[in-house]
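Engineer: Build me a model:
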Amino acid sequence: MMFCFIQERMSIGMGCCSTEFHVLRVKDGVELLPEYLAAILRSRLALSQTVHMMTGNTHPRLTNDDVANLTIPIPLLDVQESIAGEIVWRRDEARRLRGEAEAGWEGAKGWFEGELLA
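Structural biologist: Numbering: from 1, shown residues only. I've put the predicted structure just below:
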């Protein structure tokens, strides 16, 4: 599984520190949006390029050269915005549905336990 974290303001809020991370920065945001880059790095496209390069038994990792040599398609900015926006919407929708399902499950459990103990 690949993880990708976007930290917009490194001087504010939480951060993380590990020798296991490759830190990537978008230099100007004119040609490449950080949200799009994060989406691509989480995609099957990136995973298919990296899975055979990962080393380590318990914590598979990539070398800096492996990361630098990834092929990443860079569409026009409006396409990147559309892709990133769709991903945000789908992630938010998944969270909402997960919340509804959890509430339904808790309600059903409560009803069942009430009927069982009545």
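Engineer: Now do the SS call for residue 27.
Structural biologist: Assigned by DSSP: H, G, I helix; E, B strand; the rest coil, the conformation of residue 27 is coil.
Engineer: could you list every residue that touches it?
Structural biologist: Listed by Cβ atoms under 8 Å, 6 or more residues apart in numbering, residue 27 has no contact partners. Quick note: C-beta positions are derived from backbone N, CA and C, even for glycine.
Engineer: Quick check: which ranges of the chain have low pLDDT?
Structural biologist: 1-19, 29, 55-58 (pLDDT under 70).
Engineer: you'd agree residue 108 is in a strand?
Structural biologist: No. Counting by three-state DSSP, residue 108 falls outside a strand, being helix.
Engineer: Could you measure from it over to residue 102?
Structural biologist: Counting by Cβ to Cβ, to the nearest Å, the gap from residue 108 to residue 102 is 11 Å.
Engineer: Can you tell me the number of residues neighbouring residue 62?
Structural biologist: Using other Cβ atoms under 10 Å, the number of residues around residue 62 comes to 19.
Engineer: That one is in contact with residue 53, isn't it?
Structural biologist: Yes. When contacts are counted by Cβ atoms under 8 Å, residue 62 is listed as touching residue 53 (5.8 Å).
Engineer: For the protein, which segments are assigned as helices?
Structural biologist: For the chain, the helices defined by DSSP state H occupy 34-41, 44-50, 64-68, 77-117.
Engineer: any idea which of those is most buried?
Structural biologist: Across these, averaging neighbours per residue (mean count of other Cβ atoms under 10 Å) puts helix 34-41 on top, at a mean of 19.
Engineer: tell me the domain ranges of this protein?
Structural biologist: If you go by automatic domain parsing, the domain ranges for the chain are 1-74, 75-118.
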